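Q: Take a look and give me a structure for this.
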Amino acid sequence: YKVASPTPPEEIIETENTQPKEVAVATVLELSTQSEPIVTVVNVISASEATIRAEASGELIRLYKDLGDYVSRGELIGQLEQQSEAAALAQARAGLLSAEAAAKISGSSSVSTKELLTEAIVGSRDTLDLAYDKIIDSVEVKADALFSNPKSTFPVFNPVVADSQLETTLVNQRVAATDLLAKVRARKVVVASLTTVTALQAEIDATRADVATIKKLIDNIAASLAQVIITPDFSESTRESYKASLGAAQAALSSSLSSLSGSKDTLTAKTASADAGEFSGGAGNTTSSAAVAQARAAVDAATANTERKNIRASISGTINSLEVDAGDSVSAGQTVAVVGNNQALEIRTYVTETERAQLSTNAKVLINGTTPGIITRIAPSIDPRTRKVEVRVLPTGNQDSFENGVAVEVRLFRTATVSATTKLSVPVSAIKITAGGAVVFALKDGVLVEQPIVEGPLMGKSIVIESGLSEDMLIAIDARGLKAGTKVKPITN
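A: Residues are numbered from 1 along each chain as shown. Got it, this is the predicted structure:
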């Protein structure tokens, strides 16, 4: 080297004998197929977990379980005050006894029991037809008013609620309802052709199950309204309007369940009488039978109202959260407890759409640097709330080092390389920010040349490149200290 005046002493001028600087280089394709794992930090959750909510309002008079207790599916956790409901149930039972007593002494004319059975068959078909209409109305009129694209594969629940798990449940239930409605419509077409008691009773059982399924959807939507975040697009008056509409749907579905049960019981009773060749009262007896069916429906409705004041576990597991105490005033839809199976743990994390293309189910995962696991599920689309893709991980090694609710580091190992649908990426270190924008240093004839790029999202220690690079372009891996026009000796590894 030699110093040339008036060049400042610290600036070194290259001579013909200066050796080119060694620079590590690689093709963009090689850098894009790097296998560095995706690292996230998330909380461990139970693979089977349910949030238990009150179905009605009232004072919590009894709490049968405590935090950490194990409960079986359907087991009673707590009980709300239910004096008025118990009184209504007692009154309904008394009415049923009175109607049954009146039926025994009613009627004076003689009518064949086979004719009464025929009337029961016709009545059952009418009850089924009405139940189909209530199912369709409850979903497509009442429930769908709160969804966007309700009949699509990915419906969106419009109100903003605090409980994301409840929102996911609602979306899944609405997707399932689409298939159920198609089957109901098909059965509605052929119900008039059902003439045997056996076929009608089988259809009544199937329809009761469908009504119960749709009622769960309506009940969950009604519960979600208690957690809705009021916004200019969803006012308090809007919420009250929807609550009234859903309440009507709940009442209609409950009435349908009772009517279907009454129809099945009537078919059974009339079949037994017809088989025995008995004769029964005429018009008076038909009226009495209807009165008995009504009284039985009233008992069923009163029983359902009383049961709404009982808080039961929807799954078997450990009570991980208990948010109420005996004596508290509880509102409908309020969270009472969270029950989970703490022996079956799961991890849910989120990745970018680009990262999703480099992952696959059954791929290896490392949790907290020591515990192995595998990817069990990858969502097919972006979560509208997080704008990322959900990935579920199952720990396969020793789980003693973590438990439900604990934060863990998860390393997802990539299994797919760059493809036509995967965008190119380079290390962060390869990018230099200039006054004109971001550039990388490409190697052309042994000289570094600035190559302008358009940056995309960060992906671990790399950045997705939206445009500006090609797969076969040779670039410097580390741009620090480099400048355009410098002769370099490329080092590939």
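Q: switch to C-alpha atoms for all contacts and neighbour counts from now on
A: Fine.
Q: lowest confidence element among the helices and strands of the protein?
A: strand 279-281 (a mean of 47; mean pLDDT, DSSP states H and E).
Q: Need the residues that contact the following helix or strand past it.
A: Counting by DSSP states H and E, the element after strand 279-281 in chain order, helix or strand, is helix 283-307. Here helix 283-307 makes contact (CA atoms under 8 Å, 6 or more residues apart in numbering) with 82, 85-86, 88-89, 92-93, 95-96, 99-100, 102-103, 106-109, 116, 254-255, 258-259, 262-263, 266.
Q: Convert the C-alpha atoms of stretch 438-445 to PDB, please.
A: The C-alpha trace of stretch 438-445 is given here as PDB (Å, rounded to 0.1, in the frame of the first residue of the first chain):
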ATOM      1  CA  ALA A 438     -32.900  -1.800   0.500                       C
ATOM      2  CA  VAL A 439     -30.300  -3.600  -1.600                       C
ATOM      3  CA  VAL A 440     -28.200  -6.700  -1.600                       C
ATOM      4  CA  PHE A 441     -24.700  -7.100  -3.200                       C
ATOM      5  CA  ALA A 442     -24.700  -9.300  -6.300                       C
ATOM      6  CA  LEU A 443     -21.500 -10.600  -7.700                       C
ATOM      7  CA  LYS A 444     -20.900  -9.800 -11.400                       C
ATOM      8  CA  ASP A 445     -17.500 -10.600 -13.000                       C
END
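Q: mind listing what's buried in that stretch?
A: Neighbour-count burial for stretch 438-445, counted by 16 or more other CA atoms under 10 Å, picks out 439, 440, 441, 442, 443.
Q: pretty sure residue 74 is touching residue 310, no?
A: No. Residue 74 is beyond contact range of residue 310, at 10.2 Å (criterion: CA atoms under 8 Å).
Q: higher neighbour count, the two?
A: residue 310 (20 against 12; other CA atoms under 10 Å).
Q: is the more buried one in a bridge, and if so with what?
A: residue 79 (DSSP bridges).
Q: gap between it and residue 368?
A: 42 Å (CA to CA, to the nearest Å).
Q: Tell me which residues of whichever strand or helix holds residue 171 come out buried.
A: Element membership of residue 171 [criterion: DSSP H and E] is helix 164-190. For helix 164-190, burial by neighbour count (16+ other CA under 10 Å) applies to 166-167, 170-171, 173-178, 180-181, 184, 187-188.
Q: now stretch 24-43
A: 24-33, 37-39, 43.
Q: Figure out the helix or strand that residue 270 lives in.
A: In this assignment (DSSP H and E), residue 270 forms part of helix 236-275.
Q: Give me the below-cutoff pLDDT ranges for this structure.
A: 1-18, 34-35, 47, 104-113, 275-287, 416-422, 460, 493 (pLDDT under 70).
Q: now with 50?
A: Scanning the chain with the threshold set as pLDDT under 50 gives 1-3, 5, 7, 9-16, 107-110, 279-283, 418, 420.
Q: measure the residue nearest the centre of it to residue 67 for me?
A: The centroid of the chain falls nearest to residue 168 when counting by CA atoms, centre = their mean (2.4 Å). According to CA to CA, residue 168 and residue 67 sit 26 Å apart.
Q: next one: residue 437
A: The separation that residue 437 has from residue 67, given CA to CA, amounts to 57 Å.
Q: if you count what's nearby, which of these two comes out ahead?
A: Remark: of residue 437 and residue 67, residue 67 carries more neighbours, 14 against 11, as counted by other CA under 10 Å.
Q: That one touches residue 317, doesn't it?
A: No. Between residue 67 and residue 317 there is no contact under CA under 8 Å: 11.6 Å.
Q: which residues touch whichever strand or helix holds residue 440?
A: According to DSSP H and E, residue 440 maps onto strand 437-444. With contacts defined as CA under 8 Å, 6+ apart, strand 437-444 is touched by 430-433, 448-455, 473-476, 479, 482-484.
Q: if you set the cut-off to 10 Å instead, what comes out?
A: With CA atoms under 10 Å, 6 or more residues apart in numbering as the contact definition, strand 437-444 has outside contacts at 23, 25-28, 426, 429-433, 447-455, 468-469, 473-479, 482-490.
Q: Just the buried residues of those.
A: 23, 25-28, 426, 430-432, 447-453, 455, 469, 474-479, 482, 487-490.
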